[in-house]
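Novice: Any chance you can model this:
(one chain, ligands or ions: 2)
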Amino acid sequence: MEELIKKIPKAELHLHIEGTLEPELMLKIAKRNNIQLPFYNISEVKKLYDFNNLQSFLDIYYKSTNVLQNKQDFYDLTYSYLQRVQLDGVRHVEIFFDPQSHTSRGIAFSEVIEGIYEALVQGKKDFNISFFLIMSFLRHLSEEDALHTLEQSLPYKNYIKAVGLDSSEQGNPPSKFKNLFQKCQELGFLSVAHAGEEGPAEYIWEALNLLGVKRIDHGVRCVEDKNLISKLIESKIPLTVCPLSNVKLKVYENMKSHHIKELFDMGVRVTINSDDPAYFGGYILENYNQCMHHLGFTLDEMRQIAKYSIEGSFLSDIEKLNLIYEIDACF
Ligand SMILES: Nc1ncnc2[nH]cnc12
Ligand SMILES: [Zn+2]
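Specialist: Ligands and ions are numbered 1, 2, ... in the order given. Take a look at the predicted model:
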């Protein structure tokens, strides 16, 4: 069964490139950049990956990110991710990057984006994986800080398809970034936002109504609001769900209690993604496999979820049609 799921062409729509930093690569990059880390080997690093909630993860994630210093580091990080997920049947990726977590430590915006972009271009040639970049703003920082980052990004506007919103959700509602997203829309960026991961269903409404997002990242707390579920079904707004992430960050106690299958059965366009796979115990295929094992999805339902991932992507209609044709023909 797992071999068949692997064969299904799929898109990954919720992936933080900084969250693909495997301990092996972290140690290698730290060494070449002469950075002293408070641990020496991989098992010591992995012991730290026992999280209570989103914030306890973010504290470690931002610290690990500090090893990334120059264009080559961002290139290696991105290329390694593509090399890994070609094995999972991934054919298209829409990748988040968090410029503020780098520029705030004095790394030039150009080093970050050029490294990531050049690896994506090479990955497209080497692995036949198409891509878009999503510039994500850190919601624990101010709107003003995000507006400054937007200014810095403008020389690279053609590299960026959409903008997003991530980091500590509770207490940082989408409404805090209304002006920013208005400006991004005027500039021609599409938008998405993390909402309803730890935050309430109300934040999902705000992301839809105030930020004009095309997808909701996570969104699982929509289960608390029947009207919202109807809205998501009618508007065909996809949720980019990350099941292993939700369990690791204690949004759910275990995979069996996850709501993704109920949402799917109701007709919500759920997709399956990995979020920060180096920290959460699995890449996209592992997320598909665990949903199948623990939640009783059939193979055809998995195929439907892969179709949602293509339909919910920012690819053109003809590109979507071609991939959906391949999904129908894959076995
Ligand atoms: N799961 C997540 N939620 C919010 N911000 C993030 N940044 C990286 N992973 C995240
Ligand atoms: Zn995320």
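Novice: quick one: is stretch 126-146 near ligand 1?
Specialist: No: using Cβ under 6 Å from any ligand atom, we find that stretch 126-146 stays clear of ligand 1, coming within 7.6 Å at best. No exception for glycine: its C-beta is placed from N, CA and C like everyone else's.
Novice: Give me the phi and psi for Ile11.
Specialist: Quick fix: residue 11 reads Ala, not Ile. phi -110, psi 140 (degrees, to the nearest 10).
Novice: just checking, what packs against the lengthiest helix in the chain?
Specialist: Criterion DSSP state H: the longest helix present in the chain is helix 109-127. Here helix 109-127 touches helix 71-85, strand 90-97, helix 100-103, strand 130-138, helix 143-153, going by 3 or more Cβ pairs under 8 Å, 6 or more residues apart in numbering; DSSP states H and E.
Novice: Sheet-wise, list the partners of the fourth one with their directions.
Specialist: When pairs are called by DSSP bridges, strand 130-138 turns out to pair with strand 90-97 (parallel), strand 162-166 (parallel).
Novice: Give me the contacts around it.
Specialist: The contact list for strand 130-138, computed with Cβ atoms under 8 Å, 6 or more residues apart in numbering, reads 16, 91-101, 113, 116-117, 120, 123-124, 145-146, 149, 153, 159-167, 177, 180, 189, 192, 313-315, 319.
Novice: and what of the shortest one?
Specialist: Here helix 100-103 makes contact (Cβ under 8 Å, 6+ apart) with 18, 62, 65, 68, 109, 111-112, 137-138, 141, 145-146, 149, 152.
Novice: list the buried ones in the longest helix of the chain?
Specialist: Within helix 109-127, the residues scored as buried using 16 or more other Cβ atoms under 10 Å are 109, 111-120, 123, 127.
Novice: With pLDDT and distance to Arg215 as added columns, please give these in JSON lines.
Specialist: JSON lines is the format used below for the buried residues of helix 109-127 (pLDDT from 0 to 100; distance: Cβ to Cβ, whole Å):
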{"residue": "Phe109", "pLDDT": "98", "distance to Arg215": "25"}
{"residue": "Glu111", "pLDDT": "98", "distance to Arg215": "28"}
{"residue": "Val112", "pLDDT": "99", "distance to Arg215": "23"}
{"residue": "Ile113", "pLDDT": "99", "distance to Arg215": "22"}
{"residue": "Glu114", "pLDDT": "99", "distance to Arg215": "26"}
{"residue": "Gly115", "pLDDT": "99", "distance to Arg215": "26"}
{"residue": "Ile116", "pLDDT": "99", "distance to Arg215": "20"}
{"residue": "Tyr117", "pLDDT": "99", "distance to Arg215": "22"}
{"residue": "Glu118", "pLDDT": "99", "distance to Arg215": "26"}
{"residue": "Ala119", "pLDDT": "99", "distance to Arg215": "24"}
{"residue": "Leu120", "pLDDT": "99", "distance to Arg215": "20"}
{"residue": "Gly123", "pLDDT": "98", "distance to Arg215": "22"}
{"residue": "Phe127", "pLDDT": "98", "distance to Arg215": "24"}
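Novice: Point me to the residue of the stretch 101-250 of the chain nearest ligand 1.
Specialist: Relative to ligand 1, the nearest point of the stretch 101-250 of the chain is Asp166 (3.5 Å; Cβ to the nearest ligand atom).
Novice: May I ask you to confirm that that residue is in contact with His194?
Specialist: Yes: between Asp166 and His194 there is a contact at 4.8 Å, judged by Cβ atoms under 8 Å.
Novice: With neighbour numbers in mind, choose between those two.
Specialist: Taking neighbours as other Cβ atoms under 10 Å, Asp166 and His194 compare with His194 leading, 30 against 25.
Novice: Return the residues in contact with Gly296.
Specialist: So Gly296 contacts Lys261 (Cβ under 8 Å, 6+ apart).
Novice: is the residue in the stretch 1-150 of the chain positioned nearest to ligand 1 in a bridge, and if so with what?
Specialist: Here the stretch 1-150 of the chain gets closest to ligand 1 at one residue, His16, 4.2 Å apart by Cβ to the nearest ligand atom. His16 forms beta bridges with Phe96, as assigned by DSSP bridges.
Novice: circling back to that earlier point, now flag whichever of the contacts of helix 100-103 is closest to Asp76.
Specialist: Leu68 (9.2 Å; Cβ to Cβ).
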